[in-house]
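K.L.:
Return a 3D structure for these sequence lines:
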Amino acid sequence: MPPLATSSTGFHLFGTDYLGRDVLSRTIHGAQIALYVSVVAVLLSGLVGTTIGIVIGYFGGLVDQIVMRISDAWISLPTVAFAILLAAVKEPSATNIIVVATIVFWTRYARIARAETLSLRNRDFVKLAITAGASHAWIMSRHILPNVLNSIVVLATLLVGNVILTEAILSFLGVGVPPPHPAWGSMLSESRTGIMTFVWWPAAFPGLAIMAVVGAANILGDWIRVRLDPRLQEIS
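P.N.:
Numbering: from 1, shown residues only. Predicted structure coming up:
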């Protein structure tokens, strides 16, 4: 018979779960999983989306319209349903969550990068570079990307919280990071029955960790947005 969950003691500050595992150490390890998945997914989706957005915004035309229509359809893609479908084909893993988040969130970057590029391609410094004979790749990498980067960094910081929430939801449903890895979502799922018997700490601390990290990511994103936008600095 497994040991009963115990509340905080001198050796287990967050108590133990119904298998006698230390909740504090599992919560800390869950932070590593959440941050790894979110950072990698945000970087990959940012790389893909920013590249696509700059290219279609710079050249425009039919390709621009086709990609934007695909983006409209992609935004309506249900993340959880897509992850469940992917888990039915492959075993649940952190890699699956990264793939799902990359496929879902690249459209956010593409839209922002495209909008910024549309306004930048008619600026004088871009026209002068074209007149000087600079290649399209040089103009996009040297003149457009640096001016788009501020908005991309802000979006990436804000999306970290979204990816962490997505990872927690998928792990809670059993299609995210599989046991024995202590993902926050799976810890919440394992602790559901204990809540009804007033064993609250195995679920409370992972839940508080999710809330704290997502809130911190959003606050950091807002701070970076204010720091990088001169107009907002003047208002403040």
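
K.L.:
the longest helix in this structure is where?
P.N.:
If you go by DSSP state H, the chain has its longest helix at helix 23-59.

K.L.:
Check which helices and strands it sits against.
P.N.:
helix 61-75, helix 94-120, helix 136-139, helix 145-172, helix 184-190, helix 201-228 (3 or more CB pairs under 8 Å, 6 or more residues apart in numbering; DSSP states H and E). Where you see a C-beta, it was placed from the backbone N, CA and C, and this is true even at glycine.

K.L.:
Tell me which of the ones you listed lies nearest to Leu19.
P.N.:
Among the helices and strands packed on helix 23-59, helix 184-190 comes nearest to Leu19, with 8.6 Å by CB to CB.

K.L.:
Tell me how far the residue most central in space within the chain lies from Phe125.
P.N.:
Closest residue to the average C-alpha location of the chain: Val163 at 3.1 Å, with CA atoms, centre = their mean. Val163 sits at a distance of 35 Å from Phe125 (criterion: CB to CB, to the nearest Å).

K.L.:
still on that earlier bit, in space, what's closest to the residue nearest to the centre of the chain - neighbours in sequence excluded?
P.N.:
Distance criterion CB to CB, 6 or more residues apart in numbering; nearest residue to Val163, sequence neighbours excluded, is Ser38 at 4.0 Å.

K.L.:
which regions of this structure lie under the pLDDT threshold?
P.N.:
1-12, 14, 17, 87-88, 194-197, 229-236 (pLDDT under 70).

K.L.:
let's see it at 80
P.N.:
The chain contains residues with pLDDT under 80 at 1-21, 74-92, 178-181, 192-202, 225-236.

K.L.:
Buried by neighbour count: which residues of the host helix or strand of Ile84 qualify?
P.N.:
Using DSSP states H and E, Ile84 sits within helix 79-89. Neighbour counts over helix 79-89 (16 or more other CB atoms under 10 Å) mark Thr79, Ala83, Ile84, Leu86, Ala87 as buried.

K.L.:
Please dump these into CSV; it should also carry distance to Val23 for every row.
P.N.:
Converted to CSV, those look like this (distance: CB to CB, whole Å):
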residue, distance to Val23
Thr79, 28
Ala83, 26
Ile84, 28
Leu86, 30
Ala87, 26
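
K.L.:
Which of these sits closest to Leu208?
P.N.:
Thr79 (23.5 Å).

K.L.:
Count the neighbours of the closest residue to that closest one other than its chain neighbours for me.
P.N.:
Spatial nearest neighbour of Thr79, chain neighbours left out: Val104 (5.1 Å); criterion: CB to CB, 6+ apart. Neighbourhood size, Val104 [other CB atoms under 10 Å]: 21.
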